[in-house]
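[1] coordinates only, sequence not included:
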């Protein structure tokens, strides 16, 4: 029996397998857990790996010709024919793939773009391994000079800088590693070489960074392997600043009343709690995290850095900075390597922040010749319109309804949230409910709220003004403390032991949020002389949940009534933009270009905005001509 | 009566004086205190000022033709003839001139070298004043971008960096100063512009730095005005690390036994105490100190930065670093501006430190075509030999006798120390005693010890082996607890209420110290194929006191017997070298060149060192042929 050498990347595991083995079984036997929900029958198309060498793939409808030419194959239908190198994308390897934000589709997109070199891994820091000649009485250069000499020998003649923590550890690292040492350097072409870490021996196999999204409501952190680009793990939590108010304006006011240090402490508490969780789960020390990129709106970025945001709120609305210099992460209060650097994604203006720049970077609007409309639905709703030539952005004060804020049983898109719901096929009953993580629901998140509202409208539970028809005879439709509400889930079926309801007040908040967003779309399109029909794509980002039902969103008038295939849901584009800027210095500079060319458009001062807003306070809209497909659905239902 | 405009620098005071006024009186009337010990009679030559404009100086023997051509004149014999600008050197203006270390001669040398541009004021940081257009809705750049734009308008297109403290203060400084602001920038040609401080309004009139000498025994700090180059004030104290041992070896051992953090804390305590004293006396805030340069031997520099010095003591004697990167002073623990940078003078090797590089920079050995021998007598004695083409350095384990260590009534050169003493003209009595600061003595410092030993030898109180002739009948010569001693000052005349004595053990320690130093001179000269007679100059630095009597030093064999006019006493050349590196970035780079080209010579492994040392354990030496003038004096005395 002839054996073949199988090299498995990115783990760099090498095994011997008999010629003719099925690749999926070979990988599984080697302890690699592969996503293959059909059990290896070739019918789910999930076990997509990239092979190089001698292999025999069966033809499959799950791969395009381009993908096949790039080496993609399904592990379950591919035979090992000789020596072979197989790369397992993070989205395919179970246990490794823990990313919470973003859809499967999105993860595959990232894997592939990295695999084909569309995005290159080229982080701002890199590790180098040096083997130095041990000193003796005739070669008695100091430890640092010995390293300088090695750099010169390698043709690096720039000045070398390092901080005290490195200087203090240099001697012991060199001696512990028997004059082999690994340095982490900051890449910078025309400046002194900066050493930010020193480890004994060869430690180039591990290089970690953090991509951080500082949301007004939620903080999400990816722990990233800077060698492979893989997301090792993700942690998220509610921003502890919420105790000081739900939106940025309340936080700024809180800061103005002496609360700046408190807000700064709260966000750092959240960040450090998550860093701690990531370190524990990945079994690493915080010192091993050597870079961080954070994306947040302008106010959040100021509060993260402890900068007074007061002038953001005062006319003429000036932030302290938009393009933030790189600073030592510990100076900012991050519990990571003392020399790690923190880069904050560049902001555009007081109300268009680094989260939006990150979103554009991730969505690649700035590279697309076609016209894209992008919305990041968070505590605010920020809209970007543009293409490779120009970008405009505007911020709508939408409020946090789509993040579950201002909604009685609302919650963020986390385990226990109703993310999909269908109502009205059988009378006034919900007929299908999908809960994130399965089990009984705790509450309802953005995508569920959109679904519920659309279903209630179609079922006639609410009218086009969002009023509940309390005259309907159904136990689910009732008044509670004088407020009309609809019961989504009875107490007996909920995880809280209480009815999960949607009240008229909730609906009102949701309608005001969607009204502000839709009015924003309209004004921005009009001001730029564009029309919805000219859109090449419509991208939706934010923590709505992973299963945004476009039909529902159009039906309630949150999204314009354009062909559904133009819509794409991106999930948390802020953290993924930060992830890209962490992976590649080139992409970081691209983000600065994006921020530099993006024009801020002030919706509130635009004539016509209030009129557009008021017209949008209907389901889907006062003007049904703008929503022909929704009108048709509603008509059919009648 | 015609009035003339008199502009007084560096205070930039402008007054009107009648034509024909005596300059000294005009200045005195204007409240400027001028050093003029003869009371304006033109016979002390101290009131040297630099005039430009219309004036009529009397001829004086106190000024050379070159000085006169540079505008120097004596204020007491110069008449104001018209409008006139007068620069008052720091050494001449009383109240301003508070420098403790260094002789008057030395201060005048510094003043003049700065005045004629031999040394230029060009510190690593500079302040610039910006007047920015206030923002409005149409010009709503962020605060930092507004500054970036101003830089671009001024043709500065490099990246701008700043730390968090600056970012946090930027907004309030701009608004407080009504969009006028003063930035402190780090000068660096090819790198991002670094903003290290921001102040509202125009604060360019004040720019302060620290020159710090970290001695094993004593710490001296100059507070320096970086605009005028003036030393605003000086503070000094005993290095609190002394409790962990007198010399560097004891400190390294202490550090090895878990005492590193403690030693680091102790030296920072001393430094911060002195900074606090300087700030209080000058009525400034620590935040106003924006740069620091420290000079210390290699071990002291390591301990200042909290770097383990263990390998300095272990063969092959490797320090962690010799050329230290610039670091944030607060990171090192200095209580100054949070963004101030600390530069440590570059070291050469484990036993030739930044204090010696500073000494060479100050003494300009590296610029002199003639051969110079330089000794810094501190807790160790470091010797440098060289000229503009080459430099070698060696360290002698001399011990701290000349700093008063290991001497019963010894003390450093501070108020209360006997710095000059003459013995033996009338029998065995001291005939002249000079105490630093006047008053009754507390003890005796290095220059006094040298004088005393020489006097005791000439008077026959000790023999050439340094033994006290106890057979002499004098109450001053006695035994105390079995140890022979000589009473310098009776208890009735001392500030301590006890007799001030020199014991045979003291003398033994001093002889071993001077023997080690002289042997070092001999070996270094021989190894370099040089002879004392080839010396162009012989420079002595260290805390001996300001009145080193060369005749005494030659007589005891500390210094070689060469023409006395070749000797020059420099005082604390370490702190003055640090001062120069603080004043000028060019001089700082020069110091790095000096450290780079200085060769370390290991005395202890040199064949013949022990023989030279043993021969030098006589007064002045076993071989009187090496000390012809001393031999003649001793012969004459017989």
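    Great, that's in hand. In this text the structure is predicted, and so the values were computed from the model without any measurement.
[2] hey, let's count contacts and neighbours off CA atoms from now on
    Will do.
[3] Could you pull up phi and psi at residue A:77?
    The phi/psi pair for residue A:77 (degrees, to the nearest 10) reads phi -120, psi 20.
[4] what about it, how many neighbours?
    As a burial measure, residue A:77 scores 20 neighbours (other Cα atoms under 10 Å in any protein chain shown).
[5] who touches it in this structure?
    Residue A:77 sits next to A:22-24, A:40-42, A:57-58 when contact means Cα atoms under 8 Å, 6 or more residues apart in numbering or on different chains.
[6] now, which of those residues lie within strands?
    The strands, defined by DSSP state E, take in residue A:57 from these.
[7] Separate out the buried members of the contacts of residue A:77.
    Among the contacts of residue A:77, the ones that count as buried by 16 or more other Cα atoms under 10 Å in any protein chain shown are A:22-24, A:40, A:42, A:57.
[8] And the furthest pair within the residues you listed?
    The most widely separated members of these, counting by Cα to Cα, are A:40 and A:57 (13.6 Å).
[9] between the buried ones among the contacts of residue A:77, which is closest to residue A:627?
    Closest approach to residue A:627 among the buried ones among the contacts of residue A:77 (Cα to Cα): residue A:42, at 41.3 Å.
[10] Quick check: that closest one touching residue A:74?
    Yes. Under the criterion of Cα atoms under 8 Å, residue A:42 makes contact with residue A:74 at 7.3 Å.
[11] Tell me the residues that contact both of these two, please.
    With Cα under 8 Å, 6+ apart as the test, residue A:42 and residue A:74 both reach residue A:60.
[12] Residues in contact with stretch A:620-638: which ones?
    Contacting residues not belonging to stretch A:620-638 are listed as A:458-459, A:464, A:554-558, A:560-561, A:615-616 [Cα under 8 Å, 6+ apart].
[13] Quick check: buried residues in it?
    Quick answer for stretch A:620-638 (16+ other Cα under 10 Å): A:620-622, A:627, A:629-631, A:634.
[14] now those in a markdown table, with distance to residue B:330?
    Shown next, in a markdown table, are these (distance: Cα to Cα, whole Å):
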| residue | distance to residue B:330 |
| --- | --- |
| A:620 | 60 |
| A:621 | 60 |
| A:622 | 63 |
| A:627 | 63 |
| A:629 | 65 |
| A:630 | 64 |
| A:631 | 67 |
| A:634 | 68 |
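[15] Which members of those residues occur in helices, if any?
    A:629-631, A:634 (DSSP state H).
[16] ok, of those, which one's closest to residue B:225?
    Nearest member of these to residue B:225, counting by Cα to Cα, is residue A:630, at 75.7 Å.
[17] Those residues of the stretch 151-300 of chain A touching chain B, which are they?
    Proximity of the stretch 151-300 of chain A to chain B is confined to A:160-164, A:167-171, A:190-192 under the rule Cα under 8 Å from any Cα of the partner chain.
[18] Taking those, tell me the two that lie furthest apart.
    Checking these with Cα to Cα, the most distant pair is A:171 and A:190, at 27.9 Å.
[19] who's more crowded, the two?
    Ranked by neighbour count (other Cα under 10 Å), residue A:171 and residue A:190 place residue A:171 first, with 25 against 10.
[20] Could you report the distance from the closest residue to the more buried one other than its chain neighbours to residue A:142?
    Take residue A:171 and drop its neighbours on the chain: the residue closest to it by Cα to Cα, 6 or more residues apart in numbering or on different chains is residue B:320, 5.6 Å away. Relative to residue A:142, residue B:320 is positioned 5 Å away (Cα to Cα, to the nearest Å).
[21] Could you do residue A:312 as well?
    For residue A:312 relative to residue A:142 (Cα to Cα), the value is 50 Å.
[22] Ok, residue A:250 next?
    55 Å.
[23] Where does pLDDT dip in the stretch 201-350 of chain A?
    Applying pLDDT under 70 to the stretch 201-350 of chain A flags no residue at all.
[24] End to end on stretch A:304-320, go ahead and measure it.
    Length of stretch A:304-320, first residue to last, Cα to Cα: 13 Å.
[25] what residues does that stretch touch?
    Contact with stretch A:304-320 is made by A:249, A:252-253, A:255-256, A:260-261, A:264, A:267-268, A:298-299, A:302-303, A:332, A:349-350, B:135-137, B:140-144, B:164, B:167-171, as judged by Cα under 8 Å, 6+ apart.
[26] So which of the residues you listed sit within helices?
    A:249, A:252-253, A:260-261, A:264, A:267-268, A:298-299, A:302-303, A:332, B:143-144, B:164, B:167-171.
[27] mind listing what the residue in the stretch 151-300 of chain A that chain B sits nearest to touches?
    Chain B sits closest to residue A:168 of the stretch 151-300 of chain A, with a gap of 4.7 Å, by Cα to the nearest Cα. By Cα under 8 Å, 6+ apart, residue A:168 lies in contact with B:306-308.
[28] now, among those residues, which is nearest to chain A?
    Checking the contacts of residue A:168 one by one against chain A (Cα to the nearest Cα), the nearest turns out to be residue B:307, at 4.7 Å.
[29] about what we covered before: looking at the contacts of residue A:77, which is nearest residue B:389?
    Checking those one by one against residue B:389 (Cα to Cα), the nearest turns out to be residue A:23, at 71.4 Å.
[30] Against residue A:4, how distant is the closest one?
    11 Å.
[31] coming back round to it: quick one: the contacts of residue A:168 as JSON lines, columns for secondary structure too.
    Output for the contacts of residue A:168, formatted as JSON lines (DSSP: H, G, I helix; E, B strand; the rest coil):
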{"residue": "B:306", "secondary structure": "coil"}
{"residue": "B:307", "secondary structure": "coil"}
{"residue": "B:308", "secondary structure": "coil"}
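[32] who's in contact with stretch A:519-533?
    Applying Cα under 8 Å, 6+ apart, the external contacts of stretch A:519-533 come out as A:383, A:385, A:394-396, A:560, A:562, A:601, A:603, A:606, A:608-609, A:612-613, A:616.
[33] Buried among the residues you listed? Need that as a selection in PyMOL.
    Listed next is the PyMOL selection for buried residues among these, using 16+ other Cα under 10 Å:
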select buried, chain A and resi 383+385+394+395+396+560+562+601+603+609+612+613+616
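[34] Which pair in the contacts of stretch A:519-533 has the greatest spatial separation?
    Among those, A:562 and A:606 lie farthest apart (Cα to Cα), at 24.7 Å.
[35] Noted, bye for now.
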